[in-house]
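> For reference, the sequence and a predicted model appear below.
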Amino acid sequence: MDVPNYHETLLSEVRSYIEYSQTWMRFWGWVYYTLRTALIVLSACVAAKDTLGLASRQIAIMALLVAIGTSIDTWLKTGSRYRGHYSFNDKFIALCTDLEISNAADPAGMEKIQEQLKKLIDDYAVAVLPS
């Protein structure tokens, strides 16, 4: 086994997981906060229907949008997915740092980091996929 090449391959793999988790963290964060903000604003409008002077049809549509938005948020688990990608992004960055400061010529150290990566990937899939 070419240990320095193995080190670079492992480092490349960890960096790809960092990029992947950052991309999905940003996506789910945007969905989560956009949906939550819209639900709060629409709920406030429905609650303040008398003071806003809205027609009953407008109130009904906003109430329906709140119900649909809440259902979508519950079904997709946007908050859990965002937090999962966010926390595992930090874990992948920590593993990358450990790998960067590790001795590339130490096969036992590389195997230990490889095992940590495998466990982290398994835990990551469980944390971010809907159950």
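Received, thanks.

> CA only for contacts and neighbour counts going forward, please
Will do.

> after the longest helix anywhere in the chain, next one along is what?
In terms of residue count, the longest helix belonging to the chain (DSSP state H) is helix 3-47. Sequence-wise, the next helix or strand downstream of helix 3-47 (DSSP states H and E) is helix 49-52.

> May I ask which helix or strand of the protein has the lowest mean pLDDT?
helix 49-52 (a mean of 81; mean pLDDT, DSSP states H and E).

> export it as PDB, just CAs?
C-alpha atoms of helix 49-52 as PDB (Å, rounded to 0.1, in the frame of the first residue of the first chain):
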ATOM      1  CA  LYS A  49     -57.700  39.200  10.300                       C
ATOM      2  CA  ASP A  50     -60.000  41.800  12.000                       C
ATOM      3  CA  THR A  51     -57.300  44.500  12.300                       C
ATOM      4  CA  LEU A  52     -56.000  44.000   8.700                       C
END
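
> how far off helix 3-47 does the helix or strand just after that helix point, in degrees?
Downstream of helix 49-52, the next assigned helix or strand under DSSP H and E is helix 56-76. Computed with axes from the mean of the first three to the mean of the last three C-alpha atoms, to 10 degrees, the direction of helix 56-76 lies at 150 degrees from that of helix 3-47.

> Done for today, thanks.
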